[in-house]
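1. Would you be able to build a 3D model of this:
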Amino acid sequence: MKQIYSSPPPLLRIGALLLALLWLSPPQVYGQRAELASARDSDTRSHTTSSSKKAVDISVSGRVTDAGTNDPLVGCTVVVKGTQRGTNTDASGNYTITVPNESSVLVFGYIGYEKQEVAVGSRSTINISLKTEASNLSQVVVIGYGSTTKKDMTGAVKSLKSTDFNQGIINSPEQLLQGKVAGVNVVSASGEPGANQNISIRGPGGVRTGSTPLFVLDGMALDNSSTGGAINPLNFLNPQDIESIDVLKDASATAIYGSRGANGVILITTKKGKAGVSTFNYNGSLGISNLARALPVFTADEFRKQVTAVGGVLEDRGASTDWQKEITRTAYTQNHNLSFGGGADKLSYYASVGVQKQQGILKNSDLNRYSGRINVTQRFLEDRLTLDVNLNATYTQNQRPPIVSLLGGAISANPTFPAYDDKGEPFQYQGGTNPLIPLKLEKDITTINRVIANISPSFKITKDLVYKLNIGVDNSSSVRDIQLLSNAVPQVDGRLETYHTYNRNTLVENYFTYTLTRSKSNLTALLGHSYQKIFVQGRNTSINKFPLGSIEPIYNPGIGQELTLVNNRPGGFALENELQSFFSRVNYQYNDKYLLTATVRADGSSKFGANNKYGIFPSISAGWRLSEEEFLKSGPFTDLKLRAGWGKTGNQEIPSKITQALFTSQVSSSTSYPLLPTGPYPAGTSYSRLANPDIQWEVSTQTDIGLDFSLFNGALSGTLDYFNKVSNNILLEVIPADPVQPAGTFWTNVPDMTIVNKGVELELNYRYTAANGLRFDLGGNVTFINNLVSNSPYSVIPSGSASGSGLTSATINGYINEQPIGTFFLKEFTGFNDKGINTFRDVDGDGIITDKDRVPMGTALPTRQYNLNTSLAYKGFDLIVNFNGVAGNKVYDNTANANFYKLRLSKGLNTTAEAIAFPDESINNSAPVSSRYLKDGAFFRLNNLSLGYNLNTKALGVDRWISGIRLSATGQNLFVITNYDGYDPEVNTDRTINGISSYGIDYLSYPKARTLVLGLNLTF
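-> Purely as a prediction, here's the structure:
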């Protein structure tokens, strides 16, 4: 592969040289030598003076409370001004600190509250009441390669702190913010532990790209490709380590990430230690999960009645077995986390270890995660050089049962058959199905080791200019073993497949930040370079025919007996992608009223040919803080800001090397010709793919107009946004129009085709504090969004295929002109004829029902997303409740299509009442893909409810050892209101066709659990 760089990037070399020169030369750029020497002498004198006064240090204690509620503020920082000496308040809001002398000043700081400074004087007890900040306008928001405050933002950005996160059993960051951010739809498509979460920010904009945003962890841009197995690659991150999540939604915010930001950007910041403040914390929980709702298949008595009623042949073995109950269990999850942090004068640190052992509600379904993290910050050269180091290591083990065969067997197995024989083993049938047998014979185990580390030194060249270097490595390796044991009845030969996957992602970034502050003007300019290289490799082997015995093939593959390459040919793949970028951003603020941000990024990718390797992605946004104008200062608005932005982002999510020619060499009549009248063909070489150096970036152009407001001293606040995102230059694999074209398909940008997402987001929050200390918060958000595919040259681009007997490869949904992505393209079911056979609408009127009679029948994408969050706190108690829901979407019930119709019931297979819903249906009628199984996917769910209580450690007499004790109980998925009769309406089985994303198909999806989590948090 042609590389973008074969040597270190120029800015890296320049940065290293500059750093070396500054290290060796006198620091006169930053200040005169005499001044620095004077400062050092002053520091020495100060240290000597401090040392001489240690004998007269003063102990100060007190309590910090909320000024409105008088509730204690737990974890409030108390620092001696001008020093690194500090402490935190305990669970009762109490603190004790030693100060050098009576002239010392204490600084009290707490997130969301106004900072206070108090002179100690002759007092030994100082009680403080902190006032809440109006709308939290000074809240720091991470925006990529920097940060800003909430009041100065010009883009559509939402910041969540750890106190805002969802509680309970959490495997990945997406679950923490589900229902918390307007315009962000998180679909827990499966109830399997560690399953992928489908997340979209303002709708999907591509054909192949899906909707996954870019995740950036502590400045390290993650690769979204799989790290092995069938689990979410983001499961490596311990949620207890996350301090904040910032969601960049519009192009003016995401353009700084260029080609990686087309689907939005999610910035994750992990916890850091604070110098002078030592913390030690234990967080543990026990979760208890059960099947939320089973499919209403017939009981044994109902089955006997209904099989006879439809004229089927009943095989009755006298039992009454609930097969869904047999394959599920009460699942337990343990979660244990230890963390500690603190620091000295120039050093701060945070470290943690975590263990999560989660059982799935299906038997033999488990996810175990062991994680460790160290974050260190060290300052050198009189605080001119700051070094940040982040290291995360995770070991994950995932065991999966044969989900499809297990669920398929459980919902269709004869309930009159017994589950076990006299020996307690799964009953073996020659002519029947026992789902417990594949549960016993099949095993799928994946182990993943993943290490992510980045080091980020920053050097203050002058007081206004800072250079930062960010070097990161994300390395993972996994082994997946899929084992099938040999068996006598039913007869199984046994098989073992092993997959090795290696994923290495390296990142080198250099950037300069210049800050200029004048009386009314503030300017921040950023200039940088980024180079990222991703290498992924996979290898697989297999072997067949294992003897019956106690040794599992996973532990000794050598006992396999079929060694030929016919069914066991080794396989593998490898790919290497490079991305080089140059980026710049300018933020300007005038008089705290007028805000302007301009960004440009140039991305070059090795995925594209020489003619279009680079893409340019600009953006501009502006803000006007009307609340600072004289004509509004006396009004009800605490804050009122109008903002608008425009920008472009790109997409490069296409297979590697597809711009290059591909050849195939083989011996066959289609690739060579005989040299002699008789004899074998010689080897021949032919084109499999022609070179295409003209493929270019897919581009999304987005416009956003927003209004941020806060009234009545912050009691009521909210955000209103209108957005319009248009994606063009759509990347697609197509069939060539030229019949002489040697390759069957080729990649191109589809001219004129666009995908549009437009909509409105509204977010509101109301806060009320009563005189008796009761605090009540009510918040919510709603998103109205419409998606449209236009100017496609194809009548339909298939994107979802059906599964099941007689349904294989039948198309369910696709991309259709003037219809949304995920539109269901089906024959319209109209009932039955006089023989009880299906009838469908003859759209073209030719008297024959064919694929030409398919019509668009709704979309899997919701047109409305709404979430409701409320919290209640009184004294030591707190209650948090989160609801979420969607509407305007449909789900195709492929499970019912493949299993629940009268023909199967007549053959002695179990079904639900859906199979006999039509008395006039014949038992000989088939069930092809049609609108008969298209259902309403709207739902309203109580997603998360958490009740907590902070114990008074002083009253318990343990405050000398334990500063805080918190007990909590959390319920997840407590109820869902929906018309959908499958396991759960929030579903999306991956049924992609040629890599084109599918939506809204439910086929034997892992059912969701209802969970109760009991938690304990100790602070020492």
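
2. going forward, measure contacts and count neighbours with C-alpha atoms only.
-> Fine.

3. what's the burial count for residue 993?
-> 17 (other C-alpha atoms under 10 Å).

4. can I assume it is in contact with residue 808?
-> No: if you go by C-alpha atoms under 8 Å, residue 993 and residue 808 don't touch, sitting 12.0 Å apart.

5. tell me which strands and helices the helix or strand hosting residue 759 is in contact with?
-> Applying DSSP states H and E as the criterion places residue 759 in strand 754-769. Packing partners of strand 754-769 (3 or more C-alpha pairs under 8 Å, 6 or more residues apart in numbering; DSSP states H and E): strand 716-728, strand 775-790.

6. Adding mean pLDDT and distance to residue 151, write the ones you listed out as CSV.
-> CSV is the format used below for those (pLDDT from 0 to 100; distance: least, C-alpha to C-alpha, whole Å):
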stretch, mean pLDDT, distance to residue 151
strand 716-728, 93, 12
strand 775-790, 93, 20
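
7. can you pull out the helices in the stretch 801-950 of the chain?
-> Ranges of helices in the stretch 801-950 of the chain, per DSSP state H, counting those that start in this stretch, are 894-899, 902-906.

8. let me redo that: the stretch 401-550 of the chain
-> Using DSSP H, counting those that start in this stretch, helices in the stretch 401-550 of the chain cover 403-412, 436-441.

9. list the buried ones in the first one?
-> Judged by neighbour count using 16 or more other C-alpha atoms under 10 Å, the buried positions of helix 403-412 are 403, 406, 407, 408, 409, 410, 411, 412.

10. list residues touching both of residue 993 and residue 808?
-> Here residue 993 and residue 808 share the contacting residues residue 801, scored by C-alpha atoms under 8 Å, 6 or more residues apart in numbering.

11. Was I right to think residue 113 contacts residue 131?
-> Yes: the pair residue 113 and residue 131 passes the contact test of C-alpha under 8 Å, sitting 5.5 Å apart.

12. Between those two, tell me which one has more neighbours.
-> Taking neighbours as other C-alpha under 10 Å, residue 113 and residue 131 compare with residue 113 leading, 20 against 17.

13. And residue 957, how far from residue 963?
-> For residue 957, the distance to residue 963 equals 11 Å [C-alpha to C-alpha, to the nearest Å].

14. swap in residue 756?
-> Counting by C-alpha to C-alpha, the separation of residue 756 from residue 963 is 54 Å.

15. quick one: which of the two has more around it?
-> More crowded of residue 756 and residue 963, by other C-alpha under 10 Å: residue 963, with 26 against 23.

16. Run a quick neighbour tally on the closest residue to that one other than its chain neighbours.
-> Nearest non-adjacent residue to residue 963, counting by C-alpha to C-alpha, 6 or more residues apart in numbering: residue 90, 4.8 Å away. By other C-alpha under 10 Å, 26 other residues sit near residue 90.

17. Using the three-state scheme, assign residue 90.
-> coil (DSSP: H, G, I helix; E, B strand; the rest coil).

18. follow-up on the earlier one: out of the helices of the stretch 401-550 of the chain, which gets nearest to residue 907?
-> helix 403-412 (10.7 Å; C-alpha to C-alpha).

19. Any chance you could list what contacts that closest one?
-> For helix 403-412, using C-alpha under 8 Å, 6+ apart, the contacting residues are 295, 297, 323-324, 327, 433-436, 438-439, 899, 909-911, 1004-1006.

20. How about stretch 161-179?
-> Contacts for stretch 161-179 (C-alpha under 8 Å, 6+ apart): 160, 184-186, 193-194, 197, 199, 232, 234-239, 242-245, 287, 333, 866-868, 882-884, 944, 946, 970-972, 1012-1013.

21. And for stretch 625-634?
-> Counting by C-alpha under 8 Å, 6+ apart, 592, 593, 594, 637, 638, 639, 640, 641, 642 sit against stretch 625-634.

22. Out of the residues you listed, list just those in helices.
-> Members of the contacts of stretch 625-634 lying in helices (criterion: DSSP state H): none.

23. Turn these into a markdown table, including distance to residue 213.
-> As requested, the contacts of stretch 625-634 are arranged in a markdown table below (distance: C-alpha to C-alpha, whole Å):
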| residue | distance to residue 213 |
| --- | --- |
| 592 | 32 |
| 593 | 32 |
| 594 | 30 |
| 637 | 34 |
| 638 | 33 |
| 639 | 30 |
| 640 | 30 |
| 641 | 27 |
| 642 | 26 |
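
24. Now, those that are in strands?
-> By the criterion of DSSP state E, membership of the contacts of stretch 625-634 in strands covers 594, 637, 638, 639, 640, 641, 642.

25. Just the buried positions in stretch 146-158, please.
-> Within stretch 146-158, the residues scored as buried using 16+ other C-alpha under 10 Å are 150, 151, 152, 153, 154, 155, 156, 157, 158.

26. and the first one, what are its phi and psi?
-> Here the main-chain torsion angles of residue 150 (degrees, to the nearest 10) amount to phi -60, psi -40.

27. So it is in contact with residue 140, correct?
-> Yes: Residue 150 lies in contact with residue 140 (C-alpha under 8 Å); the separation is 6.3 Å.

28. on that earlier part again, pull the most distant pair out of the buried residues of stretch 146-158.
-> 152 and 158 (13.0 Å).

29. Common neighbours of these two, please.
-> Residues touching both residue 152 and residue 158 (C-alpha under 8 Å, 6+ apart): none.

30. Now the buried members of the contacts of helix 403-412.
-> 297, 323-324, 327, 433-436, 438-439, 899, 909-911, 1004-1006.

31. Now do residue 200 against residue 298, distance only.
-> As judged by C-alpha to C-alpha, residue 200 and residue 298 stand 38 Å apart.

32. same question, residue 96
-> Using C-alpha to C-alpha, residue 96 is found at 66 Å from residue 298.

33. show me what contacts the closest residue to residue 261 other than its chain neighbours?
-> Nearest residue to residue 261, sequence neighbours excluded (C-alpha to C-alpha, 6+ apart): residue 254, at 5.3 Å. Going by C-alpha under 8 Å, 6+ apart, residue 254 touches 248, 261, 262, 264, 265, 649.

34. burial measure for the fifth one, as a count.
-> Using other C-alpha under 10 Å, residue 265 is surrounded by 29 other residues.

35. so where is the stretch 701-850 of the chain shaky, pLDDT-wise?
-> Along the stretch 701-850 of the chain, the model assigns pLDDT under 70 to residues 736-744.

36. Please name the residues that touch the nearest residue in space to residue 943 that is not next to it in sequence.
-> Leaving aside its sequence neighbours, residue 943 sits nearest to residue 973 (C-alpha to C-alpha, 6+ apart; 4.6 Å). Counting by C-alpha under 8 Å, 6+ apart, residue 973 makes contact with 292, 941, 942, 943, 944, 1009, 1010, 1011.

37. Now do the buried residues in the helix or strand harbouring residue 973.
-> Assigned by DSSP H and E, residue 973 belongs to strand 964-978. Neighbour-count burial for strand 964-978 flags 964-976 (criterion: 16+ other C-alpha under 10 Å).

38. Just the CA atoms of that strand, as CSV, please.
-> Written as CSV, here are the backbone C-alpha positions of strand 964-978 (Å, rounded to 0.1, in the frame of the first residue of the first chain):
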residue,chain,number,x,y,z
GLY,A,964,-19.1,8.8,53.2
ILE,A,965,-21.5,5.8,52.9
ARG,A,966,-24.1,5.7,50.2
LEU,A,967,-26.7,3.0,49.6
SER,A,968,-28.7,2.7,46.4
ALA,A,969,-31.2,0.6,44.6
THR,A,970,-31.6,1.0,40.8
GLY,A,971,-34.2,-0.6,38.5
GLN,A,972,-33.6,-0.9,34.8
ASN,A,973,-36.3,-1.5,32.1
LEU,A,974,-39.0,-1.6,34.7
PHE,A,975,-41.8,-1.4,32.2
VAL,A,976,-42.5,-0.6,28.5
ILE,A,977,-45.7,0.5,26.9
THR,A,978,-46.0,-0.6,23.3
